[in-house]
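> Just to be clear, the model below is a prediction. Sequence and coordinates:
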Amino acid sequence: MAKEGTKPLSQAIPQARAEIHRPSLSLTWQRVLPYAFIFPAFIFYTIFLAIPIVGTVVISFFEWTGISFNTIKWVGFDNYVALTRDDVFWQAIKHNVYFIAGGMTSIVVVGLFLAVLLEQNLPGSSFFRGIFFVPTVMSLVVVGLIFTLILSPELGLVNPLLRQLGLGHLAKAWLGDPQTALPTVIAVDVWRNFGLGMFLFIAGLKGIDAEIFEAAKIDGATPWQSFWRITMPLLWPVTVLVIILTSINTLKLFDLIYVMTAGGPNHASQVLTTWMYSQGFTYNKMGYGSAVAVVLLVLTFVFTLVQLRVFSRDTTGGAQ
């Protein structure tokens, strides 16, 4: 017989099951909380990235000065057809290829060399790690202004130093000479970004077990053999990351080139980003400039996808 105030077992069991399956407020909040954290970033991404990209694609099909909507005119694919006849556009693509090849190779080589050197626990290694990383966090505009002054034929430091060293025949207008403008900007970009590559390689080196090198040394491997047969294969994923990051940063680079040369002289350092800006904001051809931006977006996507496919295949093959 059930006590007074208690429910029969036949009623208590269904009620208990209902309580178990009834979602509590805390459980509901736990499901909503991740979306609450994501929502601000989603709004920021939509407003400042997704909508501008869609807007750029749409504007690329119009002829527009960018001043008044009364001047907007539908032209379809005419802007893209005009790009195929634009010599400066093809020259800018060629310069982007030079920039990627020179900058990417230099950053990988310099960053790897310094990472291996600083991991030898030499005196002052920690200090130089910080010093070499400082340019990476500097503003591109500041870096451009500093090197513009350093390389100035009248006020700079490079030409007077060359003359003091008896190398006055090498002094020139580094940013005003079509032969040296692009290589000089590439060198400055490498100076700013090699620190990031160095730190990524240092992180990769710290993840390699020291016992592997000790075993190789016992087996008679030289330091050079250990580097090529152990260090490089194990650092390959990091190398791929550095290559892809450098390529993407190079394709979208604008500030440094615009401050130092603005694409000149005579388009000698013109790249897609500076040509896009010139068309849109200097010549008031927003539709044409947007078409250049869309081509740059497609090239960046395709280039990154090809790199991921090629390097991931190499990594898988090496792992096997």
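Right, received. Where do you want to start?

> what does the model give the most centrally placed residue in the chain for pLDDT?
Compute the mean C-alpha point of the chain, and by C-alpha atoms, centre = their mean the closest residue is N249, 3.0 Å away. The predicted local distance difference test score for N249 is 90.

> ok, now V81?
95.

> about what we covered before: residue contacts, the residue nearest to the centre of the chain?
The contact partners of N249, by C-beta atoms under 8 Å, 6 or more residues apart in numbering, come to N193. In this view, the C-beta of every residue, glycine as well, is placed from N, C-alpha and C.

> Going forward, the N-terminal residue is numbered 34.
New numbering, starting at 34: the last item is N282.

> Phi, psi for it please.
In this entry, N282 is assigned phi and psi values of phi -60, psi -40 (degrees, to the nearest 10).

> Could I get the full set of helices for the stretch 184-333 of the chain?
Under the criterion DSSP state H, counting those that start in this stretch, the stretch 184-333 of the chain carries helices at the ranges 191-197, 214-239, 243-251, 256-259, 265-267, 269-284, 288-293, 305-310, 319-352.

> Save the ones you listed as TSV, and put in distance to F81 too.
Listed next are those as TSV, based on distance: least, C-beta to C-beta, whole Å:
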stretch	distance to F81
helix 191-197	39
helix 214-239	24
helix 243-251	45
helix 256-259	47
helix 265-267	39
helix 269-284	18
helix 288-293	18
helix 305-310	18
helix 319-352	15
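
> I76 is nearest to which of these?
Between I76 and the helices of the stretch 184-333 of the chain, the shortest separation by C-beta to C-beta is 21.9 Å, and it involves helix 319-352.

> Now that closest one: buried residues?
319-330, 333, 336, 344 (16 or more other C-beta atoms under 10 Å).

> in the protein, which segments are predicted with low confidence?
Low-confidence segments of the chain, defined by pLDDT under 70: 34-60, 346-353.

> make it 80
When the per-residue scores of the chain are filtered using pLDDT under 80, the ranges that remain are 34-63, 154, 344-353.

> Ok, which of the helices of the stretch 184-333 of the chain comes nearest V142?
Closest among these, using C-beta to C-beta: helix 214-239, at 9.0 Å.

> Counting by contacts, list what that closest one packs against.
Counting contacts by 3 or more C-beta pairs under 8 Å, 6 or more residues apart in numbering; DSSP states H and E, the secondary-structure elements packed against helix 214-239 are helix 120-151, helix 158-166, helix 173-183, helix 269-284, helix 288-293.

> I'd like those laid out as JSON lines, including distance to W257.
Below are the helices and strands packed on helix 214-239 laid out as JSON lines (distance: least, C-beta to C-beta, whole Å):
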{"stretch": "helix 120-151", "distance to W257": "12"}
{"stretch": "helix 158-166", "distance to W257": "21"}
{"stretch": "helix 173-183", "distance to W257": "35"}
{"stretch": "helix 269-284", "distance to W257": "18"}
{"stretch": "helix 288-293", "distance to W257": "36"}
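
> Any idea which of the ones you listed gets closest to I251?
Nearest to I251 among the helices and strands packed on helix 214-239 is helix 120-151 (21.0 Å), distances taken as C-beta to C-beta.

> From the contact counts, what lies against that closest one?
Where contact means 3+ C-beta pairs under 8 Å, 6+ apart, helix 120-151 is packed against helix 158-166, helix 214-239, helix 269-284, helix 305-310, helix 319-352.

> Just the C-alpha atoms of the third one, please, in CSV.
It stands for helix 269-284. Output in CSV follows, covering the C-alpha atoms of helix 269-284 (Å, rounded to 0.1, in the frame of the first residue of the first chain):
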residue,chain,number,x,y,z
TRP,A,269,57.8,19.8,-45.4
PRO,A,270,54.3,20.6,-44.0
VAL,A,271,55.6,23.8,-42.5
THR,A,272,57.4,24.7,-45.8
VAL,A,273,54.1,24.2,-47.6
LEU,A,274,52.3,26.5,-45.1
VAL,A,275,55.0,29.2,-45.6
ILE,A,276,54.8,28.9,-49.4
ILE,A,277,51.0,29.2,-49.4
LEU,A,278,50.9,32.1,-46.9
THR,A,279,53.6,34.0,-48.8
SER,A,280,51.9,33.5,-52.1
ILE,A,281,48.5,34.8,-50.9
ASN,A,282,50.1,37.8,-49.1
THR,A,283,52.1,38.6,-52.3
LEU,A,284,49.1,38.5,-54.6
